[in-house]
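Student: predicted model follows, preceded by the sequence.
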Amino acid sequence: MNSIIIQTPKGPRVIGPGQPVFIVAEMSANHNQSYDRAVELVETAADCGVDAVKLQTYTADTMTIDCDRDYFQINEGQWKGQSLYQLYQLAYTPWEWQPKLRDLAEKRGLTLFSTPFDETAVDFLEKNGINHLYKVASFELIDLPLLRKIGKTGRPVIASCGMASEEEIKLAVEALNGVGNLQVALLHCLSSYPAKPDEMNLATIPDMMKKFKVAVGLSDHSLDEEVARTAVSLGASIVEKHFTKSRSEEGPDAAFSLEPAELKSLVKAIRQQEKAEPGKLTASTKKIIGSPTYGPGGSQGENKIFRRSLFAVKEIKRGEKFSKENIRSIRPGYGLNPRYYDEVIGQAASQEVQRGTPLEWELIG
């Protein structure tokens with residue numbers, strides 16, 4: 001079983017079976033566009049006893065395009081009624097904050113790292129030294145060109161696998177390994193917001209460890225402490241949770257984020273579980289464990305819109321070649337899988353393609 005080794009303010013840290021659980025507090029959009037609130041959240045995370053704080057590095061323009069077409073409107077779930085562009089304008093973490101937040105976190109003994117959502121974000125994080133490790137979000141797991149860019153940095157990578165099939169996870173690991181990066185860990189994840197404990201199927205964690213031979217953890221969008229405890233009892237090496245000062249403040253991610261007292265309690269529960277003997281299964285625990293499950297099952301289906309796919313980002317004339325300037329891998333997930341990006345580049349459009357059109361094979365060649 002492969003572990004990963006990261007550099008922390010306290011020195012090298014091994015993450016894997018037999019090691020203390022690496023507990024990550026995900027800030028995401030819970031700063032509500034206030035730098036002072038972001039600082040407060042870092043301080044809160046340190047006070048709660050976590051090991052790391054995670055940010056997300058993107059802008060609305062690196063995540064999607066500003067387009068009125070139906071493809072870009074959110075019609076279900078937590079963010080219903082907004083366009084993707086509006087959501088990411090509200091939720092992004094200003095890039096100029098991130099080096100300052102890293103310095104603050106490291107003074108408090110925390111590792112601060114981030115999820116890059118495109119290649120420019122990887123370049124930014126490398127340039128600014130926010131690169132002890134990288135996180136790949138569930139919806140970007142299928143963006144193999146992005147994974148190869150991240151992998152080439154040589155930094156350890158933790159990849160979330162929400163909605164992913166076994167084949168998609170295999171391709172992601174191969175993409176990272178293929179550029180020489182063997183420092184890979186995976187997170188089981190239910191891409192629902194908030195996630196329902198009885199859909200968690202935590203039996204997937206030991207199944208992933210067996211199938212992929214890597215350290216496996218949990219990205220947990222539920223509000224139930226028992227989920228994380230059970231995951232640790234099944235061998236989870238990493239637990240990631242969103243956190244906020246107060247769910248009453250609302251914001252894009254508040255509804256599925258822990259408040260400070262809950263986060264502190266969770267850290268204590270995980271540390272206790274690390275030392276505990278396996279307990280008896282209760283009816284609720286059995287539901288949480290479930291069975292090994294891959295793909296967009298349960299309530300995750302409504303969130304397919306948040307996956308990446310290939311889209312025309314400019315008007316393309318019939319016969320014009322597809323290029324890095326006129327197509328991109330962006331959200332939403334209605335077009336060709338990003339794995340085909342290199343195959344599409346250089347081919348000619350079979351017809352005129354409107355900006356904001358998801359690419360399909362019939363438009364190519």
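Tutor: Yep, it's here. The structure presented is a predicted model; accordingly, all values stated were derived computationally and were not measured.
Student: who touches the residue nearest in space to the middle of the chain in this structure?
Tutor: When C-alpha atoms, centre = their mean is applied to the chain, the residue found nearest the centroid is A137 (2.1 Å). By C-beta atoms under 8 Å, 6 or more residues apart in numbering, the residues touching A137 are Q56, T115, F117, S160. To be clear about C-beta, it is placed using only N, CA and C from the backbone, and glycine gets the same treatment.
Student: please flag which of those residues sit within strands.
Tutor: Counted as lying in strands by DSSP state E, out of the contacts of A137, are Q56, T115, S160.
Student: could you report the separation of the first one from H31?
Tutor: Between Q56 and H31 the computed distance is 11 Å (C-beta to C-beta, to the nearest Å).
Student: any common contacting residues for the two?
Tutor: In terms of C-beta under 8 Å, 6+ apart, Q56 and H31 are both contacted by the residues T93.
Student: how near is the residue nearest to the centre of the chain to L258?
Tutor: 19 Å.
Student: over to A215?
Tutor: For A215, the distance to L258 - C-beta to C-beta - is 23 Å.
Student: these two: who's more crowded?
Tutor: Neighbour count, other C-beta atoms under 10 Å: between A215 and L258, A215 has more, with 28 against 22.
Student: Validate this expectation: the more buried one resides in a strand.
Tutor: Yes - looking at A215 with DSSP: H, G, I helix; E, B strand; the rest coil, it is inside a strand.
Student: pretty sure it sits against G235.
Tutor: No - proximity of A215 to G235 does not meet the contact threshold set by C-beta atoms under 8 Å, at 9.1 Å.
Student: now do the shared contacts for these two.
Tutor: Counting by C-beta under 8 Å, 6+ apart, the shared contacts of A215 and G235 are P17, M209.
Student: and the helices in the stretch 101-250 of the chain?
Tutor: 119-127, 144-151, 166-178, 204-212, 225-233 (DSSP state H, counting those that start in this stretch).
Student: would you turn those helices into TSV with mean neighbour count, distance to Y88 and mean pLDDT?
Tutor: Converted to TSV, the helices of the stretch 101-250 of the chain look like this (neighbours: other C-beta atoms under 10 Å; distance: least, C-beta to C-beta, whole Å; pLDDT from 0 to 100):
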stretch	mean neighbour count	distance to Y88	mean pLDDT
helix 119-127	18	13	98
helix 144-151	22	16	98
helix 166-178	18	23	98
helix 204-212	20	29	98
helix 225-233	22	28	95
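Student: F311 in helix, strand or coil?
Tutor: Going by three-state DSSP: F311 is strand.
Student: which ones are touching it?
Tutor: For F311, the contacting residues are I65, Y71, I327, R328, S329, I330, G335, G356, T357, P358, L359, by C-beta under 8 Å, 6+ apart.
Student: out of these, who has the most neighbours?
Tutor: I330 (26 neighbours).
Student: what's I5 sitting at in phi/psi?
Tutor: Backbone torsions of I5, given as degrees, to the nearest 10, read phi -120, psi 120.
Student: what ranges does the stretch 1-150 of the chain have for its strands?
Tutor: Counting by DSSP state E, counting those that start in this stretch, the stretch 1-150 of the chain has strands at residues 4-8, 11-15, 22-26, 52-57, 111-116, 134-136.
Student: low-confidence stretches in this structure?
Tutor: Confidence mapping of the chain against pLDDT under 70 gives the ranges 1, 278-281, 299-302.
Student: quickly list the domain ranges of it.
Tutor: 4-303, 308-363 (automatic domain parsing).
Student: and those, which is most packed in?
Tutor: Ranked by mean neighbour count, those are led by domain 4-303 with a mean of 19 (mean count of other C-beta atoms under 10 Å).
Student: K127 and T153, how far apart?
Tutor: In terms of C-beta to C-beta, K127 sits 11 Å off from T153.
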